[in-house]
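Peer 1: predicted model, plus sequence, below.
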Amino acid sequence: MKLSLHILFLVLALGTQARTRSYDVVIVGGTPAGITAAIAAAREGKSSVILERSAHIGGLPANGLGATDIATRGATTGLFARFVALNKAHYTEKYGADSPQARDCSDGYHFEPSVAVESFRQMLAEAGPGRITVLTGRQFDAEARYVEKRGERIVSIRILDRTTGREEHYRGAVFIDATYEGDLGAAAGVPFRTGREGADEYGEPCAGKIYRWWKHGPDAEGTTYEGDDAIQAYNYRLCLTDDPQNRLAVPKPENYDREEFASLVGDVLDGRNTDARYRNADSATIARNRRRIEAGERTSAPGDAWGMAKVTSMTRLPNAKTDANNQHLALISTDLPEENWPWPTAGWAWRDRFARRLRDYTLGLLWFAQHDESLPAHFRKECLRWGLAADEYRDNGGFPRQVYVREGRRLEGCYFFTAKDALPEAEGKRPPLHSSSVTASHYALDSHAVRKREAGRIHLDGFFSHPTAVYTVPYGVMVPRKIENLLFPTAVSGSHVGFSTLRMEPCWMALGEAAGTAAALAIDARTDVRGIAADSLQGRLLRHGVTLVYLRDMKPGDPDYAQAQRLALRGFFPEWEAGLDRVTDESTARLWSSLAGREVTADGKTTRREWLRRLQTTSK
């Protein structure tokens, strides 16, 4: 009897201990980068687990960011292209290729949040059964005590199951931090940056404190370009609709403070906005605009928007919905600067409080625009056309579940990405080519505000947009200098300005795909993530249609695509096109002879494609 009781007590004691689960790859964060990392690892035969704190995976595309942020379509391919293709297929198959929905999906680059969720689910299913485990409600807290290390190698991490309140342990060969905040990397001891570097540190445009007329300048009084600890603003990407059959009225939040939004009244009547054209508006222009509005007409102020577009920038999505973002032309919109500054390094209790505060602020702004009687009646009527989409986020009252964390920690890696990596070396030319590129990408240097409106300023401090050209992203931006088995495809290494172009979901998805592939290679080679051969990683990525360097006239599927990509990274195609079916001219022959170390001739007959194939044969 005593023995039996002893065994029973032992069993009960063991039952209270944290269970350890083992996978080849452990991924913290169910963001798009986390999803693509898991899929890439699975196709290399590796098991993985995605640990997501919320009840839903998919990150921002599943939470309102339905207008894809990419400047050159085709610059980023691979699994991101598969995501886009699935979005397009949904609309064409369900509604027809000539339907309004197919038109509004813009070839799959514009999509409803619920469609993004289904596309991600299908991509995970395509990876095959048994390889990927997705666990939601799993919280990682960014503290060193939750990371077990042996030297510079992570052995396991500790996770809170938010449903049961129990702790779980996860052991892996490689760990991937796919959080927007860089929580795992920080807890593992990777150095990081937050805030803004000054212009004198890296010579970047738009660095530091800046007040710029939207969109491309000029900079105005108060601009110093000095660095500080400020963090660019967060918001919710709202899915609004003007369809009366699917429209939920915007509720007045419980914690409503009218004074927060009162400045909007003057902005509406005066047509005040941040567009560069508005700087030419004199007092007579402003007075004339006010008289028009008081007479029941719409604004005519240069650069001004009307109705709901005054407070949120709306991009049309299928089924009469929008991706409603911050309105950059406004001095008050859905961004909430300053109050988010602690987020990158704060714990989840603080983050949850801010998320609730941001929700109340956002609903309060919309409610004010629709109902406050100090605003013109016809302005309010126009705003009242819009409401939350009833068929999105059904468990959350039509409101997004996730804050748009534009920039958290920037973990310091083997390569530090700055503006110069995205800017052309000369007019019409490419930015610098990175021989270790794992994806091409393209978006402007782009940051939201870091401070609320200030009297006398033409815009909010921190807003900028600066054009770039399609660039290459080196593997080192997500590789730590010391930790041997960690990759971080979202909280990548770079300056505030450099990060501002990398921080778009297409790029993050491509980096996630590269991270999952690199993890598998490191496991197979029994080396750390810094020790894998760049050529091997690139070869695996090219096999799956990834673009390492952008060529306007070549797409994955061309029989010579992989070879052209490899040669392009070596400088064989200094222009934007490969021109493979053109006859090889003298200048090309000289360049290729120099780069290849063998004679390439211009005989007036042989095409670039033929020479490319000859070079491939001799290089094997």
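Peer 2: On my side now, so go ahead. Not measured: the values here are computed from a predicted model.
Peer 1: which other residues reach stretch 585-604?
Peer 2: Contacts with stretch 585-604, where a contact means CB atoms under 8 Å, 6 or more residues apart in numbering, come from 567, 570, 571, 572, 574, 583, 584, 608, 611, 615, 618. In this view, the C-beta of every residue, glycine as well, is placed from N, C-alpha and C.
Peer 1: in helices only, show me those.
Peer 2: Helix and strand membership here follows DSSP state H; of those, those in helices are 567, 608, 611, 615, 618.
Peer 1: and the furthest pair within the residues you listed?
Peer 2: Using CB to CB, the ones in helices among the contacts of stretch 585-604 span at most 15.7 Å, a distance reached by 608 and 618.
Peer 1: for this structure, what helix or strand is lowest in average pLDDT?
Peer 2: Comparing every helix and strand of the chain by mean pLDDT, DSSP states H and E singles out helix 2-16 as the least confident one, with a mean of 41.
Peer 1: beyond it, next helix or strand please.
Peer 2: With elements assigned by DSSP states H and E, the helix or strand that comes after helix 2-16 is strand 19-28.
Peer 1: who does that following strand pair up with?
Peer 2: Using DSSP bridges, the neighbouring strands of strand 19-28 in the sheet come out as strand 48-52 (parallel), strand 167-177 (parallel).
Peer 1: next one: the first one to chain centre, how far?
Peer 2: Average the C-alpha atoms of strand 48-52, do the same for its chain, and the two points are 19 Å apart (CA atoms, centre = their mean, to the nearest Å).
Peer 1: and residue 19, which of the strands paired with strand 19-28 is closest to it?
Peer 2: strand 167-177 (5.9 Å).
Peer 1: compute the number of surrounding residues for residue 288.
Peer 2: Here the count is done by other CB atoms under 10 Å, and residue 288 has 14 residues near it.
Peer 1: give me the more crowded residue out of residue 608 and residue 618.
Peer 2: The residue with more neighbours, out of residue 608 and residue 618, is residue 608; 23 against 10, by other CB under 10 Å.
Peer 1: not counting sequence-adjacent ones, nearest residue to that one?
Peer 2: Spatially, and ignoring its direct neighbours in sequence, residue 608 is nearest to residue 580 (4.8 Å; CB to CB, 6 or more residues apart in numbering).
Peer 1: helix or strand: which one has that neighbour?
Peer 2: In this structure, residue 580 sits in neither a helix nor a strand according to DSSP H and E.
Peer 1: how is the chain partitioned into domains?
Peer 2: Domains of the chain are assigned by automatic domain parsing as 238-396, 548-620.
Peer 1: tell me the average confidence for the helix ranked longest in the chain?
Peer 2: With DSSP H applied, the helix covering the greatest number of residues in the chain is identified as helix 348-371. The average pLDDT within helix 348-371 is 98.
Peer 1: which is the next helix or strand following that helix?
Peer 2: The element immediately downstream of helix 348-371 (helix or strand, assigned by DSSP H and E) is helix 377-383.
Peer 1: and that next one, what other elements does it pack with?
Peer 2: Under the contact criterion of 3 or more CB pairs under 8 Å, 6 or more residues apart in numbering; DSSP states H and E, the helices and strands touching helix 377-383 comprise helix 348-371.
Peer 1: check which helices and strands the helix it packs on sits against.
Peer 2: Against helix 348-371 (3+ CB pairs under 8 Å, 6+ apart) you get helix 263-270, helix 377-383.
Peer 1: mind doing that once more with 6 Å?
Peer 2: The criterion is 3 or more CB pairs under 6 Å, 6 or more residues apart in numbering; DSSP states H and E, and the helices and strands that helix 348-371 contacts are helix 377-383.
Peer 1: ok, and the closest non-adjacent residue to residue 549?
Peer 2: Take residue 549 and drop its neighbours on the chain: the residue closest to it by CB to CB, 6+ apart is residue 568, 4.3 Å away.
Peer 1: distance of that neighbour relative to residue 595?
Peer 2: Here the criterion is CB to CB, to the nearest Å. By it, residue 568 lies 11 Å from residue 595.
Peer 1: which residue of those two possesses the greater neighbour count?
Peer 2: In terms of neighbours (other CB under 10 Å), residue 568 is the more surrounded of residue 568 and residue 595; the figures are 23 against 14.
Peer 1: and the pLDDT for that one?
Peer 2: For residue 568, the model assigns a pLDDT of 97.
Peer 1: that one touches residue 550, doesn't it?
Peer 2: No. The criterion here is CB atoms under 6 Å, and residue 568 misses it with residue 550 at 8.6 Å.
Peer 1: how close does residue 512 sit to residue 156?
Peer 2: Counting by CB to CB, the gap between residue 512 and residue 156 amounts to 22 Å.
Peer 1: for residue 38, same thing?
Peer 2: For residue 38, the distance to residue 156 under the criterion CB to CB works out to 18 Å.
Peer 1: also residue 273?
Peer 2: If you go by CB to CB, the gap between residue 273 and residue 156 works out to 53 Å.
Peer 1: of those two, which one has the most company?
Peer 2: Under the neighbour definition other CB under 10 Å, residue 273 and residue 156 were set side by side, and residue 273 has more, 25 against 20.
Peer 1: hmm, back to that, any idea which of the domains of the chain is most buried?
Peer 2: With neighbours defined by mean count of other CB atoms under 10 Å, none of those is more surrounded on average than domain 238-396, at a mean of 18.
Peer 1: endpoint to endpoint, it covers what distance?
Peer 2: End-to-end span of domain 238-396 (CA to CA, to the nearest Å): 13 Å.
Peer 1: give me the contacts around stretch 50-57.
Peer 2: Applying CB atoms under 6 Å, 6 or more residues apart in numbering, the set of residues contacting stretch 50-57 from outside is 27, 28, 30, 34, 38, 134, 135, 136, 138, 139, 159.
Peer 1: of those residues, closest to residue 226?
Peer 2: residue 28 (34.6 Å).
Peer 1: quick one: contacts for that closest one?
Peer 2: Residues in contact with residue 28 (CB under 6 Å, 6+ apart) are 51, 140, 177, 179, 184.
Peer 1: so which two of those are the farthest from each other?
Peer 2: When those are compared pair by pair using CB to CB, the farthest-apart members prove to be 51 and 177, with a separation of 10.7 Å.
Peer 1: compare neighbour counts for those two and give me the winner.
Peer 2: residue 177 (34 against 26).
Peer 1: my read: the more buried one touches residue 188, true?
Peer 2: No. Proximity of residue 177 to residue 188 does not meet the contact threshold set by CB under 6 Å, at 8.0 Å.
Peer 1: state the mean pLDDT of stretch 291-303.
Peer 2: Mean pLDDT, taken over the full extent of stretch 291-303, equals 96.
Peer 1: and the contacts of stretch 229-242?
Peer 2: In this structure, residues lying in contact with stretch 229-242 by CB under 6 Å, 6+ apart are 64-65, 113, 195-196, 247, 320-326, 334-335, 337, 340-341, 362, 385-386, 389, 392, 400, 403-407, 447-450, 462.
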